[in-house]
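Undergrad: Can you look at this prediction? I've put the sequence above it.
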Protein chains: 4
Amino acid sequence: MKALLLNCSLEKGHKETDTEQLLDRSALNFQKEKVDVERIHLRDFHIAFGVTSNLNGNDEWPFVFNKICEADIVLLATPVTLGEKSSVATLIIERLEGYHNMKNKKGQHLFYNKVGGIIAVDGGDGGARVAVQSIMYSFSMLGFSIPPHAGTICGESLLNESGVLSAEDNIFQMTSNLINFAEILTFHPIPVVKE
Amino acid sequence: MKALLLNCSLEKGHKETDTEQLLDRSALNFQKEKVDVERIHLRDFHIAFGVTSNLNGNDEWPFVFNKICEADIVLLATPVTLGEKSSVATLIIERLEGYHNMKNKKGQHLFYNKVGGIIAVDGGDGGARVAVQSIMYSFSMLGFSIPPHAGTICGESLLNESGVLSAEDNIFQMTSNLINFAEILTFHPIPVVKE
Amino acid sequence: MKALLLNCSLEKGHKETDTEQLLDRSALNFQKEKVDVERIHLRDFHIAFGVTSNLNGNDEWPFVFNKICEADIVLLATPVTLGEKSSVATLIIERLEGYHNMKNKKGQHLFYNKVGGIIAVDGGDGGARVAVQSIMYSFSMLGFSIPPHAGTICGESLLNESGVLSAEDNIFQMTSNLINFAEILTFHPIPVVKE
Amino acid sequence: MKALLLNCSLEKGHKETDTEQLLDRSALNFQKEKVDVERIHLRDFHIAFGVTSNLNGNDEWPFVFNKICEADIVLLATPVTLGEKSSVATLIIERLEGYHNMKNKKGQHLFYNKVGGIIAVDGGDGGARVAVQSIMYSFSMLGFSIPPHAGTICGESLLNESGVLSAEDNIFQMTSNLINFAEILTFHPIPVVKE
């Protein structure tokens, strides 16, 4: 089983951002359950703007897209500005929406049987719910399945008074549910239903 | 298997609203798959305001709450004003949030293993996505599972140029996915996971 | 000049809620500038559900509506659940939207030349931006004018480490801007423009 | 008086997009009232990602930023995907938020006395309200003033059955209100208020 962790930070390079720290924690949870983890820091790749499935070779989107296609679980982590997901997260959702008419071999949406989760980091901004609402809805409309508690919001201080990562429990719960749903959908893929 | 259809219209009585018409269609899809359908027109019941699990007996919430507890699938249908879900839908989500600290026998959230879907009817208003985003997110945070395409938006005209219900395909797809997920969760309930 | 402060709490009665405390602060700011302040705790009135301008006399909406019509400034304060404004706030916006086709004597929207502000209190919930976005947009579409920083979000703790109301500065800034805009619109009402 | 029209389309070049067509209409309304109109098609400029006021000279943001500083009115037009504003619009809001701590000579926020408007074009997508809510809120929090009906939503067909631009009236009304507010704020700038 494969989990793809997409970091939608605005900065290039693997800096020690809050978003990165939360993905570290999440990756650990996945690996303890023997899930392969691939991480992509999106700003380190050139990805063109557009709502399109046109892989014209002028950017590095084909690499990212292949990783998404291979993954059973996609976990998107975004910083938050004025409550909103980052422009990099918006860009990725737009690119995925470019495939909304494409089908798999069974005639189902391309992203069926994949599971989606969200981490939103608001660094004191205090309004990450807008960001999670938006991404969760887009995931469902793109064909992803959403387990309970699939959105983790991380607020002002990542460390609580005891020096423990305050979002730790939420990330553990989300990660467990993502794995469980991905396992179920592997053995019981969504059936083709005709009216 | 049981599906509960909640009509969050602002009017009392089973008038021929668009919301009602779309729930009719949805009910038919459920029944063809031998799913028991219960419908509640919420405005016909007195439900008190509050974020509380306090069943003080002064309103008819206990009746509605029992129906929600018994259901495998909860489909919430709401009209839309200025893009937003109705005040009745907001009231119901607030009441459900009143249980966010309550656990089932296994120590999991009360609404685990239930599946949630949304119909938003915007009657020309053209902005039902806000409503669906909000309810879908609340469902996930309350412990519900969300299948792909779990939100159906119905726009200006419910009937297309050929006189066919334009949202019909979307409702069929959503209903199928809701049933499929409820079946899977019946046989493979979300496991108790401890860190 | 008149300011109307609408408390959209879910509880009846003037309890010492956070919402009430913030409206106290706001009222003080208005009164220091010689603005008349009227406060309505909406849950203490029976207001029917509906997107309608039909004042049928069976509820106490006419009283509230008259107060809104007389006010130069309307400040709506709401608690927040799962990031969303309260069902009482939703109900009031729906009632106001019932007048979207009504015009004043000049042929302009009924609420032109009124100024709108928002307080959202999230009591540790951490997501009040959704609530403010929603109400601000509705206000603008209903004809209200929105000054800079017209939304005040109050987070987990109303008192900071020094025991000072942390939202105090924001409320002062918002109140000043609301008064300034109301004054300007009194002397320079929005002109009737024809294409 | 100067109006700046920002096109947040994802495509490069001045193609005949719906967004462009609506900005044409808007520009005409401004010019008839003798307002200088400057238009920027943002995708034709290289603007770096970031929530920063750091004008490091490696991108063309200083050009865009100067135009924003000189403008009395900023009208932001965005296409819509899954209900959301474009990634280009998100990027611009993030860059502006980079200045949230900077003040003008009077000690007020940098964008005080500017007026903001929004056009969201949903090309059949049917959910532009999310986009308008988000941008309107950001504008207010950045210090812009928002007149009544400051958001124009353009739906599936830009032309109605009579071949007339259906959003024409809305754009005219918005443009008039933007001009009126900009004039008022020129003669009556927001006063410096101290507690």
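TA: That came in fine, so what should we check first? Numbering: from 1, shown residues only, chains lettered A, B, ... in the order given.

Undergrad: For the helix or strand bottoming out on mean pLDDT in chain A, which strands pair with it and how are they oriented?
TA: Lowest on mean pLDDT, DSSP states H and E among the helices and strands of chain A sits strand A:151-154, with a mean of 88. Here strand A:151-154 has these sheet partners by DSSP bridges: strand A:115-121 (parallel).

Undergrad: Show me what counts as buried in the longest helix along chain A.
TA: In chain A, taking DSSP state H as the definition, the longest helix is helix A:168-187. Neighbour-count burial for helix A:168-187 flags A:168, A:170-185 (criterion: 16 or more other CB atoms under 10 Å in any protein chain shown). Glycine gets a C-beta too; all of them are placed from N, C-alpha and C.

Undergrad: hang on, residue A:117 packs against residue A:178?
TA: Yes. Using CB atoms under 8 Å, residue A:117 is in contact with residue A:178, at 4.9 Å.

Undergrad: how would you label residue A:74: helix, strand or coil?
TA: Secondary structure for residue A:74, judged by DSSP: H, G, I helix; E, B strand; the rest coil, is strand.

Undergrad: my bad, residue A:29
TA: Assignment for residue A:29 (three-state DSSP): helix.

Undergrad: OK, contacts around the nearest residue to it once chain neighbours are set aside?
TA: Among residues not flanking residue A:29 along the chain, residue A:175 sits closest, at 3.9 Å (CB to CB, 6 or more residues apart in numbering or on different chains). By CB atoms under 8 Å, 6 or more residues apart in numbering or on different chains, the residues touching residue A:175 are A:26, A:29, A:30, A:33, A:117.

Undergrad: can you do 7 Å?
TA: By CB atoms under 7 Å, 6 or more residues apart in numbering or on different chains, the contact set of residue A:175 is A:26, A:29, A:30.

Undergrad: Now neighbour count and distance to residue A:193 too, for those, in a markdown table please.
TA: Shown next, in a markdown table, are those (neighbours: other CB atoms under 10 Å in any protein chain shown; distance: CB to CB, whole Å):
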| residue | neighbour count | distance to residue A:193 |
| --- | --- | --- |
| A:26 | 25 | 33 |
| A:29 | 21 | 34 |
| A:30 | 21 | 31 |
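
Undergrad: could you dump the residues you listed to TSV with pLDDT?
TA: Shown next, in TSV, are these (pLDDT from 0 to 100):
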residue	pLDDT
A:26	95
A:29	96
A:30	97
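
Undergrad: With respect to chain D, which of those is nearest?
TA: residue A:26 (23.0 Å; CB to the nearest CB).

Undergrad: Residue A:6 versus that closest one, what's the distance?
TA: 11 Å (CB to CB, to the nearest Å).

Undergrad: which non-adjacent residue is nearest whichever residue of chain A sits closest to chain B?
TA: Closest to chain B within chain A is residue A:146: 3.7 Å, counting by CB to the nearest CB. Spatial nearest neighbour of residue A:146, chain neighbours left out: residue B:146 (3.7 Å); criterion: CB to CB, 6+ apart.

Undergrad: Run a quick check on that neighbour versus residue A:140, I expect a contact.
TA: Yes. Counting by CB atoms under 7 Å, residue A:140 is a contact partner of residue B:146 at 5.6 Å.

Undergrad: okay, and the common contacts of those two?
TA: Counting by CB under 7 Å, 6+ apart, the residues touching both residue B:146 and residue A:140 are A:146, B:136.

Undergrad: sorry, back to before: got any residues that touch both of residue A:26 and residue A:6?
TA: What both residue A:26 and residue A:6 touch, as defined by CB under 7 Å, 6+ apart, is the set residue A:75.

Undergrad: give me the low-pLDDT residue ranges for chain A?
TA: Along chain A, segments meeting pLDDT under 70 span A:14, A:123-126, A:155-166, A:195.

Undergrad: Show me what from chain A comes close to chain B.
TA: A:109, A:112, A:132-134, A:136-137, A:140-141, A:143-151, A:172, A:176-177, A:180, A:184, A:188, A:190-191, A:193, A:195 (CB under 7 Å from any CB of the partner chain).

Undergrad: Select only the buried ones of these in ChimeraX?
TA: A single ChimeraX command selects the buried members of the residues of chain A next to chain B (16+ other CB under 10 Å):
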select /A:109,112,132,133,134,136,137,140,141,143,144,145,146,147,148,149,150,151,172,176,177,180,184,190
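
Undergrad: Cool, thanks, signing off.
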